[in-house]
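1. fold the stuff below for me.
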Amino acid sequence: MAITAKLVKELRDRTGAGMMDCKKALKETDGDIAAAAEYLQIKGIAKAAKKADRVAAEGLVGTYVADDGKSAAVLEVNCETDFVARNEDFGGFVDMMTKHVAATGVTDIDALLATELNGQTVDEVRKARIATTGENITLRRAAVLSVDGEGVIGAYVHGGGNIGVLVQLSASGAVDANGTAADTARDIAMHVAAINPRFVRSDEVDPETIENEKRVLTEQALESGKPREIVEKMIVGRLKKWKKEICLLDQPFVKNGELTVAQELKRVGGELGVDLDVVGFTRFVRGEGIEKKETNLAEEVAALSK
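-> Residues are numbered from 1 along each chain as shown. Now for the predicted structure:
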């Protein structure tokens, strides 16, 4: 039987499933729309599609570092409730997906959903998980780091998956993936989780960011009644202090406030006989920027009773 666009649309309206899923279901059932709807329900696709518009702002941030410390991934997976996020099965799903990101190196979410995992696409695996949990589940964002030459990557997850950080260190000589350099990379990842620097070093701060901060500081100083010539001299020192506050290497190290992160790297590097430096970092905060739907249980109950 020919699968027409009208038939696909009818099944899509009936189930809420995607167009390609509907077309496949109709092909599998020789155009029988009732059988196709059942097919989608069995596969969990219809249920997943109906939940796709629900806000998923809970979930976990997962990290994975390869055994050799040379490659790593971080992934944010969202669900609707903290109850599901704390479930062991959901945690296993996030771990599996994070390792898959590391293995494939794919960070574009649409492309990632199309990759194959254990004989299925990642999107099919995701939809099956939706059918199991009864909640919308989304893979929101992913990132990978890889060491080119000598160095090591450290990871840290805070708050049971609320924040995930990767930090990449370079080294002037070989370092052990399970040794002191790796421990230091993890400690700096912990620092990034806690302090939230915006840049690695001061020369990475872009001119637009500097100008915006300069304008704010200038307006604040002028409002205090100080003459403009005095303000201009003040701003030089305040900008210098501000850069140190937002740049990782200049910040007091979270595990030893008497040293900056750069000084801690120098200290550890001296013990190992190598020069250590931070190449970059990635920091994900679960649900960051997602608007959660505010609900009022009393109002919902009242509405249902009408």
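2. okay, now the unreliable bits of this structure?
-> Per-residue confidence for the chain (pLDDT under 70) gives these ranges: 15-17, 41-56, 291-306.
3. hey, where'd the strands end up in it?
-> Along the chain, the segments classed as strands by DSSP state E run 58-65, 71-79, 116-117, 120-121, 138-146, 151-158, 163-171, 252-253, 256-260, 276-285.
4. which one of those lies nearest to Thr29?
-> Among the strands of the chain, strand 120-121 comes nearest to Thr29, with 19.7 Å by CB to CB. Bear in mind the C-beta positions are built from the backbone N, C-alpha and C, glycine included.
5. follow-up on the earlier one: let me have the strands of the chain in CSV, adding mean neighbour count as columns.
-> Converted to CSV, those look like this (neighbours: other CB atoms under 10 Å):
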stretch, mean neighbour count
strand 58-65, 25
strand 71-79, 25
strand 116-117, 15
strand 120-121, 13
strand 138-146, 20
strand 151-158, 24
strand 163-171, 24
strand 252-253, 19
strand 256-260, 12
strand 276-285, 20
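6. of all these, which one is nearest Leu40?
-> Per CB to CB, nearest to Leu40 of the strands of the chain: strand 120-121, 15.4 Å.
7. remind me what that closest one packs against, helices and strands.
-> In this structure, strand 120-121 packs against no helix or strand, with contacts taken as 3 or more CB pairs under 8 Å, 6 or more residues apart in numbering; DSSP states H and E.
8. so what touches that strand?
-> Outside strand 120-121, the residues that touch it by CB atoms under 8 Å, 6 or more residues apart in numbering are Leu113, Ala114, Thr115, Ala128.
9. and the buried ones among the residues you listed, selectable in ChimeraX?
-> Under the burial definition 16 or more other CB atoms under 10 Å, those of these that qualify are selected in ChimeraX by:
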select :113,128
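10. how about the contacts of strand 120-121 in CSV, adding distance to Asp176?
-> CSV is the format used below for the contacts of strand 120-121 (distance: CB to CB, whole Å):
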residue, distance to Asp176
Leu113, 36
Ala114, 37
Thr115, 32
Ala128, 40
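11. domain ranges for the protein?
-> 5-51, 58-202+247-285, 206-245 (automatic domain parsing).
12. show me what contacts the closest residue to Asp32 other than its chain neighbours?
-> Of all residues not flanking Asp32 in the chain, Leu26 sits nearest, at 7.9 Å (CB to CB, 6 or more residues apart in numbering). Contacts for Leu26 were tallied using CB under 8 Å, 6+ apart; they are Ile3, Leu7, Val8, Leu11, Asp32, Ile33, Ala36.
13. give me the neighbour count for the third one.
-> Using other CB atoms under 10 Å, Val8 has 21 neighbouring residues.
14. closest to Gly154 among the contacts of strand 120-121?
-> Nearest member of the contacts of strand 120-121 to Gly154, counting by CB to CB, is Thr115, at 26.3 Å.
15. do I have it right that that closest one meets Val106?
-> Yes: counting by CB atoms under 8 Å, Thr115 sits close enough to Val106 to count as a contact (5.8 Å).
16. Lys99 and Thr63 touch, don't they?
-> No: applying CB under 8 Å as the test, Lys99 and Thr63 come out as separate, 10.2 Å apart.
17. can you pull the residues that touch both of these two?
-> With CB under 8 Å, 6+ apart as the test, Lys99 and Thr63 both reach Ala73.
18. which strand residues bridge Val152?
-> With DSSP bridges as the criterion, Val152 is bridged to Leu169.
19. now do the contacts for it.
-> Gly69, Lys70, Gln168, Leu169, Ala171, Val175, Ala177, Ala181, Ala182, Ala185.
20. please repeat the previous calculation with a cut-off of 10 Å.
-> 65, 68-70, 72, 167-171, 175-186, 276 (CB atoms under 10 Å, 6 or more residues apart in numbering).
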